[in-house]
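Peer 1: From the sequence below, what's the structure:
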Amino acid sequence: MRPDMAPKMVDNFTKLCTGLKDGRGYKGSKIFRAKANDHILGGDFENDDGTGGHSAYEDKYFLAEQCPLKDHKGAIRMKGLERTIDGRCKVGSQFMIWVGDLEYKEYRYTLVFGQVVEGFNKLLEISRIKAVQKS
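Peer 2: Here you go, the predicted structure:
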């Protein structure tokens, strides 16, 4: 993770990984969407379907840093959930990990805050598992 480039996103992710005193956090949550050889999405610990989640802070969403890290295979990024009038993104707890060799769009700033350094093959396997839809 790159706290030097995206300190608030890294802090948010780290706090949710370890869990907050009020019970919010990633423990027990599921990967709610996966596309084979493309990406996995997780971090919706409220509904496990991409409709919920909450940042580690008081506000449900916070304004993400304008981070210069690029989207690429193995990148860990927050999922943008709201846009401000000036086009910046607000993020909460949902995150995405790119697992495929794709043609990534070039943006001046992204929501990337880190890179997978270990266990990437497991993430690739997860991306290939067929999800069971909630009824």
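Peer 1: ok, the residue positioned nearest the centre of the chain to residue 85 distance?
Peer 2: Nearest to the centroid of the C-alpha atoms of the chain, with distances taken as Cα atoms, centre = their mean, sits residue 95, at 1.2 Å. Residue 95 sits 25 Å away from residue 85, going by Cβ to Cβ, to the nearest Å. Where you see a C-beta, it was placed from the backbone N, CA and C, and this is true even at glycine.
Peer 1: same question, residue 1
Peer 2: From residue 1 across to residue 85, the span is 29 Å (Cβ to Cβ).
Peer 1: Neighbour count for the two, which is higher?
Peer 2: The residue with more neighbours, out of residue 1 and residue 85 and counting by other Cβ atoms under 10 Å, is residue 1; that gives 16 against 5.
Peer 1: how about the helices in this protein?
Peer 2: 7-18, 120-127 (DSSP state H).
Peer 1: Residue 111 is nearest to which of those helices?
Peer 2: When these are compared by Cβ to Cβ, helix 7-18 sits nearest residue 111, at 7.1 Å.
Peer 1: can you list the residues that contact the closest one?
Peer 2: The list of residues contacting helix 7-18 from outside it, by Cβ atoms under 8 Å, 6 or more residues apart in numbering, reads 1-3, 24-26, 43, 45, 55-57, 62, 64-65, 67, 76, 78, 91, 93, 95, 111, 113-114.
Peer 1: One more: stretch 100-110?
Peer 2: Contacts made with stretch 100-110 from outside it, assessed by Cβ under 8 Å, 6+ apart, are listed as 37-39, 65-73, 77, 98, 127.
Peer 1: one step back: now do the residue nearest to the centre of the chain against residue 86, distance only.
Peer 2: Using Cβ to Cβ, we find residue 95 at a distance of 23 Å from residue 86.
Peer 1: Also residue 115?
Peer 2: Residue 115 is 28 Å from residue 86, by Cβ to Cβ.
Peer 1: With neighbour numbers in mind, choose between those two.
Peer 2: Counted by other Cβ under 10 Å, residue 115 and residue 86 do not tie: residue 115 has more neighbours, with 16 against 5.
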